[in-house]
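1. got a sequence here, can you build the structure:
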Amino acid sequence: MNHQIYQDWLFEDAQDLSPLQAQSLQQHLEACEQCRSLSNAWHELETTLERDEMLLPAPGFTLRWQKRLEDSQRRIYRQQVVRSLSLIIAGLALLAGLMLAGLWPWLRSPSLLFYTWVYRVFSIYTFADALRNLASPLMNFSTRAVPLAAMVFGFGFLCELAVLWVVSFRLLTNPRRITL
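-> From the prediction side, this is the model:
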């Protein structure tokens, strides 16, 4: 015989059972000794739990627990900071080593290094000037083609996205505090 459904009904509240289920459960309890003993044990446990009074925590428990939680969070935060700084320092050291290895031929001749940097700065300047010459007609056209209200709305929308990003970043990176 399958007792599982009756055992499930034993642990449910009597008001949750339909009249047909309650009648079927009573008939099964009259016939089955195993389920009857389980029902009696469950009712004894319920009355014992209702009769006993609830124990209160020791005085200062919440303060000690909160202090221990704060200490634990502080220790975890310090470990994360130390690990992050160690990783950053190791990455910077590796990057400096790679840059030194890549620049080693130029370091033997400082004039070559100087001329290379002058060439790079001039290249960046000419690229920025070409980009300005390309972008200025587009900007002039867009200011005439797009209405002022659309620009204001777009700028406001971008500002809202920036604020949303900052708030989300702060919520995700700040440790959560438990307050009582």
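2. low pLDDT regions in the protein?
-> Filtered on pLDDT under 70, the chain yields the residue ranges 1-2, 106, 176-180.
3. and it, what are its domain boundaries?
-> According to automatic domain parsing, the chain comprises the domains 4-51, 63-144.
4. pick the most buried one from those.
-> domain 4-51 (a mean of 12; mean count of other CB atoms under 10 Å). Where you see a C-beta, it was placed from the backbone N, CA and C, and this is true even at glycine.
5. any idea how far Ile89 is from Gln4?
-> 62 Å (CB to CB, to the nearest Å).
6. then Val82?
-> Val82 is 10 Å from Ile89, by CB to CB.
7. shared neighbours of the two, anything?
-> When contacts are counted by CB atoms under 8 Å, 6 or more residues apart in numbering, the set common to Val82 and Ile89 is empty.
8. this protein: helices as residue ranges?
-> Applying DSSP state H to the chain gives helices spanning 4-10, 19-31, 33-51, 61-107, 110-145, 148-173.
9. alpha carbons only: can I get the shortest one in CSV?
-> What follows is helix 4-10, C-alpha atoms only, in CSV (Å, rounded to 0.1, in the frame of the first residue of the first chain):
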residue,chain,number,x,y,z
GLN,A,4,3.1,8.6,0.9
ILE,A,5,0.0,10.6,0.0
TYR,A,6,-1.4,10.0,3.5
GLN,A,7,1.9,11.0,5.1
ASP,A,8,1.9,14.2,3.0
TRP,A,9,-1.6,15.0,4.2
LEU,A,10,-0.6,14.4,7.8
